[in-house]
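Enquirer: Task: produce atomic coordinates for the following.
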Amino acid sequence: MRLHTLGVLLAWVLWSKVSTVGGSAPGESWQLVSETTTEAQCRALQEQEAERAPGDIPIPGGKMTVGSGGHITRYTYECLPATIDPRHRG
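Expert: Predicted structure coming up:
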């Protein structure tokens with residue numbers, strides 16, 4: 001993750017999270033979407049991405065879908081300070 005661009009410290013990161021419950025492959029994955037200089041910029045981008053998320057059922061921060069086998073997949077977006085990497089949460 002780049003923390004400096006043109007000498008400016010990037011303070012907020014928008015992450016996408018895909019989590020699946022049930023089915024043959026439950027789990028979650030995180031992916032860095034964008035880096036911003038302010039929390040407000042990150043939150044605005046979070047709203048845009050949540051609207052475009054796959055899925056057909058709106059949920060806070062994204063959307064979800066229920067598969068034919070009963071598994072649930074959630075597509076959500078989260079703004080975090082650049083010092084926090086959700087892939088390493090325990």
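Enquirer: For the rest of this, base every contact and every neighbour count on C-alpha atoms.
Expert: OK.
Enquirer: give me the low-pLDDT residue ranges for the protein?
Expert: Counting by pLDDT under 70, the chain has low-confidence residues at 1-10, 90.
Enquirer: what about the strands in it?
Expert: 4-5, 8-9, 12-21, 27-36, 57-59, 62-66, 72-81 (DSSP state E).
Enquirer: Can you pull up the most central residue in the chain?
Expert: By Cα atoms, centre = their mean, the mean C-alpha position of the chain lies nearest to residue 16, the distance being 2.0 Å.
Enquirer: what phi and what psi does the backbone show at residue 56?
Expert: With angles defined as degrees, to the nearest 10, residue 56 shows backbone torsions of phi -120, psi 0.
Enquirer: Let me fix that, I meant to ask about residue 55.
Expert: Here residue 55 shows phi and psi, under degrees, to the nearest 10, equal to phi 110, psi 160.
Enquirer: hang on, isn't it packed against residue 67?
Expert: No: with contact defined as Cα atoms under 8 Å, residue 55 and residue 67 do not form a contacting pair (10.1 Å).
Enquirer: Which of those two has more residues huddled nearby?
Expert: Applying other Cα atoms under 10 Å to residue 55 and residue 67 shows that residue 55 carries more neighbours, namely 16 against 11.
Enquirer: Pull the contacting residues for the more buried one.
Expert: Residue 55 makes contacts with 63-65, 74-75, as judged by Cα atoms under 8 Å, 6 or more residues apart in numbering.
Enquirer: from these, which two are the most distant?
Expert: The most widely separated members of those are 65 and 75, with 8.6 Å between them, by Cα to Cα.
Enquirer: quick one: which of the two has more around it?
Expert: More neighbours sit around residue 75 than around the other of residue 65 and residue 75, counting by other Cα under 10 Å; the figures are 23 against 17.
Enquirer: Kindly provide the distance from the more buried one to residue 50.
Expert: Note on residue 75: its distance to residue 50, by Cα to Cα, to the nearest Å, is 8 Å.
Enquirer: Overlap in contacts, the two.
Expert: Where contact means Cα under 8 Å, 6+ apart, the residues bridging residue 75 and residue 50 through contact with each are 62-63.
Enquirer: So what's the residue count around residue 63?
Expert: 20.
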